[in-house]
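J.: The amino acid sequence is not available; the structure is as follows:
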């Protein structure tokens, strides 16, 4: 991937993300250590306490992430590779943002209507398909999912006002 | 001979019309999963797991394992026709497979790939049939220290055989263990690592993690690359198949080597991906035409495919006999067994012979069915790949969301899936491996309880892991693998070695 090598002005370097992720992992490890210590990480009257095992897990998380942090710092100057360029970042957002909105939709109005709208709109707006084709594919996927889960396998999925209307 | 009797009994269990239909459905679903970007063996099985809850465990495992075989077959189609590995283990297949397709020999490459996949799987299944009962009988004598040392070996071998930064491997693995500890402690009943969120009472479910990490994460990566599929067309007819079959026996030596590499790498949890690369590398070194590898050699397709399939199949051996999966997909299957109330491990052979031998018989039948299905339907599956990405991407997100929700009928899981998706994307880009993390999440509770029981036995002394020759050698081997990156770095410094180009192309799982 040749376009990955040069870092444009707007892009973030991989090494920066590496450092940030190492810090986040270290923080998670510290959380594990803290909570295990609170529960008791030593030897109780009846054997190992609840925090005995996770305490060392947390410790290892902290140590390894600290090493990764140090390794990343060591190649700070040399490594100028970009994590994503702006074009790639846009591509990722194009699917990430609608998907997040879709999950919110599932929570609020149920999965079937949200899925049809999500697939239809995504095809129309990102894929430049016509309204007819987008609608047909979106509705078809939803109907297939509905038949499969609600009717045949009787596995209930999140539903909203529309499904109540048709008696489910 | 006892095994043969049991096997024939297994065939009588597996060979019902209903199970045969499930087998075909499983294979076809599996190939579709293997072909589509963003759906792979692990998360495909994870998503379809809830559909099998209404079936009997035997039927369910037959269908799920057939999905797995299908996914193994399917990865080869995209590698050869589109130069896009559908699965990490088919990266090595692109080296010679795609050049063959460009030369108009796609049919030959595909036939070679499928047939050698089949051969690899068959050899692994035969080994499985005779080795599994032995291992299970042997493992019946295992106590907690033995089990913990096997867990230790599993995890240390990720460091030893894995590619990439060992500290990142350990960090990812330990994060998995950390997530496994969330929720109620099974021994003391105390609430751990919940920080007041009652939703976390039952912890993070690994199926949700698998669907997010491998499904959503993969979609984000595919979007970033701005995938536009432009592939070669394939025509497979009887003539091409027979001609290729006539050529294949020439590569018997490569086949045998690849089978051995695959079986070995599958049993120790190296997995199919390193097996396929190692096998390709060995074949290139040993073959007379080694210098022509990469320009479209059938042998270069045979080697990785045989090994990947053999490894994928033998990864089920430690899963069934010890309860320790050798790959993320095997881990998902193990999770399925637990949900059906079956405890994988040595006792499974004694308590549920119908189930175990039904599964083993279905491995034979599933691979035969798989070979027939893929040879006859390749053009169909290649057509799926031509469906444009703006349609595929949202549909896969919808399928993942359904899969995550059905795990526990819980909306929080769908949000967690999105979070895991982001984690998967960032980790993949930073070369944190996902497979050890998933395995740690699955095995965390069991590894912890065997560790605590061992500590109880020894009253807190680590000497219990060297208390007899068996547990001692397992533990020592594990530690040797753990420090292998250090040892090999030391050896490399002693004699300067040219960098292995093949290894650099290997993806980090």
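T.: Sure thing, it's come through. Predicted, not measured: the structure shown is a model, and the values here were computed from it.
J.: what about the closest residue to chain B within chain A, how many neighbours?
T.: Ranking the residues of chain A by distance to chain B (Cβ to the nearest Cβ) places residue A:127 first, at 2.8 Å. For glycine as for every other residue, the C-beta is placed from the backbone atoms N, C-alpha and C. A count of nearby residues for residue A:127, using other Cβ atoms under 10 Å in any protein chain shown, gives 16.
J.: Report the contact partners of it.
T.: A:134, B:388-391 (Cβ atoms under 8 Å, 6 or more residues apart in numbering or on different chains).
J.: Ok, residue B:113 next?
T.: Residue B:113 neighbours (Cβ under 8 Å, 6+ apart): B:76, B:79-80, B:93, B:97, B:301-302, B:305.
J.: so which strand or helix has it?
T.: helix B:106-139 (DSSP states H and E).
J.: now residue B:266
T.: Going by DSSP H and E, residue B:266 is in helix B:252-267.
J.: Contacts made by that helix with the rest, please.
T.: Helix B:252-267 is contacted by residues B:116, B:119-120, B:123-124, B:127, B:161, B:248, B:270-272, B:274-275, B:278-279, B:282-283, B:286-287, B:299, B:302-304, B:306-315, B:317-318, B:326-327 when judged by Cβ under 8 Å, 6+ apart.
J.: List the ones among the residues you listed that fall in helices.
T.: Among these, DSSP state H puts B:116, B:119-120, B:123-124, B:127, B:161, B:272, B:274-275, B:278-279, B:282-283, B:286, B:299, B:302-304, B:306-314, B:317-318 in helices.
J.: which of the residues you listed are buried?
T.: B:116, B:119-120, B:123-124, B:127, B:161, B:272, B:274-275, B:278-279, B:282-283, B:299, B:302-304, B:306-314, B:317-318 (16 or more other Cβ atoms under 10 Å in any protein chain shown).
J.: pLDDT wise, what is residue B:499 at?
T.: pLDDT, residue B:499: 55.
J.: er, residue A:4 I mean
T.: The predicted local confidence for residue A:4 is 43.
J.: Likewise for the one 10 residues further on?
T.: Looking at residue A:14, its pLDDT is 91.
J.: Quick one: residues contacting it.
T.: A:79, A:81-83, B:429-430.
J.: What are the buried residues along stretch A:92-106?
T.: A:92, A:94-96, A:98-99, A:102-103, A:105-106.
J.: Inside helices: which ones of those?
T.: By the criterion of DSSP H, membership of those in helices covers A:92, A:94-96, A:98-99, A:102-103, A:105-106.
J.: Report the entries of these that also contact chain B.
T.: A:92, A:94-96, A:98-99, A:102-103, A:106 (Cβ under 8 Å from any Cβ of the partner chain).
J.: The closest residue to chain A within the stretch 251-400 of chain B: neighbouring residues, count only.
T.: Here the stretch 251-400 of chain B gets closest to chain A at one residue, residue B:390, 2.8 Å apart by Cβ to the nearest Cβ. By other Cβ under 10 Å, 20 other residues sit near residue B:390.
J.: Over to the residue of chain A positioned farthest from its centre: give its phi and psi.
T.: Here the centre of chain A is the reference, and by Cα atoms, centre = their mean the most remote residue is residue A:45, at 41.9 Å. When quoted as degrees, to the nearest 10, the phi and psi of residue A:45 stand at phi -70, psi -30.
J.: Against residue A:53, how distant is it?
T.: Computed as Cβ to Cβ, to the nearest Å, the residue A:45 to residue A:53 distance reads 18 Å.
J.: Could you do residue B:393 as well?
T.: Counting by Cβ to Cβ - residue B:393 and residue A:53 are separated by 40 Å.
J.: circling back to that earlier point, make a ChimeraX selection of the buried ones in the contacts of residue A:127.
T.: Remark: buried members of the contacts of residue A:127, expressed as a ChimeraX selection using 16+ other Cβ under 10 Å:
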select /A:134 /B:389,390,391
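J.: Looking at the contacts of residue A:127, which is nearest residue B:136?
T.: Comparing the contacts of residue A:127 against residue B:136 with Cβ to Cβ places residue B:389 closest, at 45.5 Å.
J.: on that earlier part again, hmm, which two among the contacts of residue B:113 are most spread apart?
T.: B:79 and B:302 (13.5 Å).
J.: Make CSV from the buried residues of stretch A:92-106 and add pLDDT to it.
T.: Listed next are these as CSV, based on pLDDT from 0 to 100:
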residue, pLDDT
A:92, 92
A:94, 90
A:95, 91
A:96, 94
A:98, 95
A:99, 96
A:102, 97
A:103, 96
A:105, 95
A:106, 95
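J.: Could you measure from the nearest residue to residue B:113 once chain neighbours are set aside over to residue B:24?
T.: Using Cβ to Cβ, 6 or more residues apart in numbering or on different chains and skipping the chain neighbours, the partner closest in space to residue B:113 is residue B:76 (4.1 Å). For residue B:76, the distance to residue B:24 (Cβ to Cβ) stands at 19 Å.
J.: do the same with residue B:109
T.: From residue B:109 to residue B:24 the distance is 25 Å (Cβ to Cβ).
J.: Between those two, tell me which one has more neighbours.
T.: Just comparing residue B:109 and residue B:24: by other Cβ under 10 Å the higher neighbour count belongs to residue B:109, 31 against 17.
J.: residues in contact with the more buried one?
T.: Residue B:109 neighbours (Cβ under 8 Å, 6+ apart): B:80, B:96-97, B:100-101, B:296, B:298, B:301.
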